[in-house]
Structure formats: C-alpha cells, structure tokens
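Novice: Below are the sequence and a predicted model; questions follow.
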Amino acid sequence: MELAQKMTRSAHEMSTTLPLPQRVALLTRLLYTMRAEVMVTEKKQWAQELFTVAQQLPQQTPADVETRNTALATAAARLSVYDADRALELLDGLPAVPGPRGMETDARTMAARLVFAEYLHHHPGGSAILMEHARRWSLEGSYPYAASAAILARLRGDEEASELFFRQVLSIYTLGDEGLYGTGEFAGLLQQAVSMEAILADTAEEAGRAISAQLGRHATGERVLTEAQEAMVLSTLNKLRVSAPKAYEQLRRTSPVLTGLRAPQVVPTPPPALDAELETAFHGLGETIHLHRGPQATQAAVASAIRLVNSRYSKGVCVECAAPDVQSAALVSLAAYAMPTSIAGQLNAIADPYWRAYFLAIAAQQVGQPTRVADPAARKLPEKEESEPE
C-alpha cells in the first residue's frame with residue numbers, strides 16, 4: 001500500500017506542470033485512485049486544487065461548459081466525502097451562471113446532488129442549514145431541486161414537515177421563472193416526492209401545473225430548441241406524466257405540439273475495434289504470469305508491453321482524449337500486477353508526461369489492491385497456507 005501511495009503522489013507531482021485541461025483530467029483520476037479512505041489528507045487537498053483550477057477552464061462552447069461543470073461537481077462531491085462543510089463553502093463561492101436562469105446545466109446544482117447527501121450523512125440534523133444554502137443560491141442562480149431530494153428523504157417520517165418543505169420549494173420554483181434545466185430538476189424532485197409519498201396528491205398536481213406553465217413559457221412559440229433542450233423537455237414531460245397525471249393531460253390538450261415531441265431514433269454506436277498488437281501483448285503477458293516463466297521473462301514481457309503503449313500514444317492516437325483506451329489501460333494494469341515493485345520505473349519509458357502520469361495512477365490503483373501479487377504484505381508462504389485450517 002505504501003508503494004501505491006508513493007506512485008500516486010508522484011503522479012500528482014507530474015500534474016503540476018501539465019496544461020490546464022490535462023491537469024484537470026489527471027486530478028480527477030487521482031481522486032478516484034484507490035479507496036476513498038486511503039490518502040485522505042492528500043485527496044482532500046487535491047479536491048480543492050481541482051475545484052480551483054477547473055474554474056479556469058474555457059467556457060466558449062457547450063462542450064467546454066459541460067467539461068468545466070463536471071470537473072467542479074466532481075471536486076466538490078469528492079471533497080464532501082472528507083469535509084462536507086468545506087465543500088458547501090466552495091459551492092457558495094461559485095459565481096452566478098451567466099445567461100438566462102436555469103436554461104443550461106449548472107455546476108453548483110450538479111455538485112449539490114452529492115454534496116447534500118454527504119452533508120446529511122455527516123450531519124443528520126443539518127437539513128435546515130442546507131435549505132438556507134439552497135435559498136441563497138436561488139437568489140443568483142438555479143435552486144438545487146434535485147439535491148433537495150436528500151432533505152425530503154430526511155423529513156419523510158414527518159408528513160407535515162415534508163409537505164411544508166416541498167411547498168416552500170414549490171413557491172421558490174413558481175416565483176423564480178426557471179428555465180428548461182431548472183424545470184427538469186424540479187420535475188425530478190416532484191417525481192421523487194410522489195414516489196416517497198412525501199406530499200399530498202393535490203400538492204403534486206399543483207406542482208405539475210406550475211411545471212406545465214414554465215414549459216409553455218420556454219418551450220413553445222417561435223423558440224427553436226437545441227437537441228439537448230428537446231431532450232430536457234422530453235425527460236420533464238415523462239416525469240410530469242407519472243407524477244401529476246391530471247396536469248399532464250391538461251398540458252396535452254392545450255399544447256399538443258409540446259407533448260407531441262418524440263425522442264430521435266438512436267443509432268447504436270458499434271464498439272471500437274480491438275487493436276491486435278495490444279490484444280496479443282495482453283494475452284502474452286497473462287500467459288507469462290500464469291505459467292510462472294520467471295522474473296526475467298516477466299520483465300521482458302512487461303517492458304515490451306510498455307513500449308507498445310508508448311508507441312501508440314507517441315503517435316498521437318488520442319490527441320483529444322482525457323483518458324486512455326481500455327486496452328492500453330488494461331495492459332498497464334496487468335503489468336503492474338505482474339511487477340508491482342518496478343512498474344513505476346518501467347513507465348518512465350512513456351515519453352508523453354501526461355500519459356506517463358495517467359498510467360502511473362492506473363498502476364497505483366492495481367498495486368494498491370490487497371492481492372498477493374500486488375501487495376507483498378498480503379503474501380503467505382505456501383507451506384504455511386497448506387498447514388492452515390480451513
């Protein structure tokens with residue numbers, strides 16, 4: 001385990017000199033390297049580091065915004081595992097989302113889904129604090145409707161309290177002029193409230209009518225919806241149909257064009273073709289391990305595998321990728337399984353700094369597993385194993 005932690009720290013040191021997008025991708029990978037309870041101090045620091053650097057990512061295209069929001073949400077969510085109070089503070093400090101309220105994804109509301117749940121795990125009586133945070137956020141951006149399901153679940157045993165809480169959220173939604181994203185989030189909260197039987201049927205229908213009104217305002221008329229926005233509307237309509245059937249039927253009669261939207265036919269994407277050289281190298285290394293061909297043969301097979309991976313990524317096979325292909329990742333992981341004590345040195349053969357650091361993190365994940373090959377401390381002598389009672 002100490003070796004795996006040393007490898008993970010080395011990968012983090014490499015991240016500090018990488019370009020911003022690669023640094024964000026590597027930090028994200030490091031936060032999920034080994035179990036959550038391992039390297040708590042470092043991971044808490046790295047989560048805050050990721051939160052800081054992710055705010056510097058560009059926001060020029062919808063894809064840029066999605067990447068940035070996902071990174072911020074990941075950082076806050078992972079930090080909340082270790083320090084939920086600090087995660088809330090970071091979310092408080094995010095600037096308001098530019099543009100129409102609630103029309104696109106929002107990093108704060110994305111992160112809040114997990115942060116709220118973790119906060120209540122650490123502070124079972126903290127619902128009121130979360131409600132206050134949510135109220136403040138709604139003054140400058142979207143209310144975290146989906147995250148509020150965690151609060152509703154805590155109040156589930158008290159029918160009066162859960163009804164009161166939902167009505168407070170409904171009031172914020174009705175007065176807030178939420179866009180398509182915020183409306184979809186609220187529809188999700190309504191669906192969960194109905195499934196938990198946390199609110200009255202009349203309240204559910206009232207909420208359904210409020211959703212219908214917002215959909216009519218933002219998704220009808222001459223407005224041209226993007227493909228992503230159409231998907232939001234379809235998802236919201238499905239939730240509305242299940243949670244507030246009367247409101248849905250009324251919307252179907254008054255806005256047939258809206259309820260007549262259909263999801264585009266999805267053409268299945270064929271899986272990527274396997275690389276024959278990587279496949280051969282993987283099976284060859286696996287056979288060497290299985291047949292116990294000795295350290296020299298294993299070392300040669302590992303070195304050959306690493307050279308193959310380096311050749312693949314030196315040629316720019318995946319210039320825009322944030323993570324390696326499955327075959328390369330599996331081959332490096334198997335190499336780490338075969339030679340845990342020397343894999344870090346072997347990976348120096350990978351020329352690109354980003355991929356060297358990323359594969360080092362993958363190797364650390366394997367070395368950190370409590371197996372007899374990857375964790376020398378877990379090994380037992382064969383003679384002792386045979387003499388041990390079952």
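Specialist: Ah, there it is. Numbers count the residues shown, from 1 in each chain.
Novice: Residue 189 touches residue 145, doesn't it?
Specialist: Yes - using C-beta atoms under 8 Å, residue 189 is in contact with residue 145, at 4.4 Å. Bear in mind the C-beta positions are built from the backbone N, C-alpha and C, glycine included.
Novice: so what sits against both of the two?
Specialist: Each of residue 169 lies in contact with both residue 189 and residue 145 under the rule C-beta atoms under 8 Å, 6 or more residues apart in numbering.
Novice: Pull out the buried positions in stretch 278-291.
Specialist: 278, 281, 282, 285, 288, 289 (16 or more other C-beta atoms under 10 Å).
Novice: show me what contacts the last one?
Specialist: Each residue near residue 289 by C-beta under 8 Å, 6+ apart is listed here: 298, 334, 337, 338.
Novice: what helix or strand is residue 168 on?
Specialist: If you go by DSSP states H and E, residue 168 is part of helix 159-176.
Novice: where's that helix relative to the chain centroid, distance-wise?
Specialist: Between the centre of helix 159-176 and the centre of its chain there are 28 Å (C-alpha atoms, centre = their mean, to the nearest Å).
Novice: returning to that earlier point: and the buried residues of stretch 278-291, which two are the farthest apart?
Specialist: 278 and 289 (16.6 Å; C-beta to C-beta).
Novice: circling back to that earlier point, and the contacts of residue 289, which is closest to residue 39?
Specialist: Distances from residue 39 to the contacts of residue 289, taken by C-beta to C-beta, are shortest for residue 337, at 20.5 Å.
Novice: Quick one: neighbours of that closest one, just the number.
Specialist: Using other C-beta atoms under 10 Å, the number of residues around residue 337 comes to 20.
Novice: can you pull the pLDDT of the residue lying closest to residue 327 once chain neighbours are set aside?
Specialist: Residue nearest to residue 327 in three dimensions, not counting chain neighbours: residue 278, with 4.2 Å by C-beta to C-beta, 6 or more residues apart in numbering. In this model, residue 278 is scored at 94, pLDDT.
Novice: OK, contacts around residue 278?
Specialist: 308, 309, 312, 327, 328, 331.
Novice: Also residue 70?
Specialist: residue 110.
Novice: go on, residue 254?
Specialist: residue 216.
Novice: For the residue nearest the centre of the chain, give me the pLDDT.
Specialist: Taking C-alpha atoms, centre = their mean, the centroid of the chain lies closest to residue 74, which sits 5.6 Å from it. pLDDT, residue 74: 94.
Novice: how close does residue 92 sit to residue 290?
Specialist: Using C-beta to C-beta, to the nearest Å, residue 92 is found at 54 Å from residue 290.
Novice: Assign residue 37 to helix, strand or coil.
Specialist: coil (DSSP: H, G, I helix; E, B strand; the rest coil).
Novice: coming back round to it: among the contacts of residue 278, which are in helices?
Specialist: When DSSP state H is applied, those are split such that 308, 309, 312, 327, 328, 331 fall in helices.
Novice: dump the residue contacts of the residue lying closest to the first one once chain neighbours are set aside.
Specialist: Translated: residue 308. Nearest non-adjacent residue to residue 308, counting by C-beta to C-beta, 6+ apart: residue 281, 5.4 Å away. For residue 281, the contacting residues are 301, 304, 305, 308, 331, by C-beta under 8 Å, 6+ apart.
Novice: Could you measure from residue 281 over to residue 301?
Specialist: Counting by C-beta to C-beta, the separation of residue 281 from residue 301 is 8 Å.
Novice: shaky segments in this protein?
Specialist: 96-105, 219-224, 257, 259, 263-266, 315-320, 370-390 (pLDDT under 70).
Novice: how far away is the closest residue to residue 39 other than its chain neighbours from residue 338?
Specialist: Leaving aside its sequence neighbours, residue 39 sits nearest to residue 5 (C-beta to C-beta, 6+ apart; 5.7 Å). To residue 338, residue 5 is 20 Å away according to C-beta to C-beta.
Novice: Which elements pack onto the helix or strand harbouring residue 24?
Specialist: Taking DSSP H and E as the criterion, the element that holds residue 24 is helix 20-31. Here helix 20-31 touches helix 2-15, helix 40-54, helix 62-82, helix 353-367, going by 3 or more C-beta pairs under 8 Å, 6 or more residues apart in numbering; DSSP states H and E.
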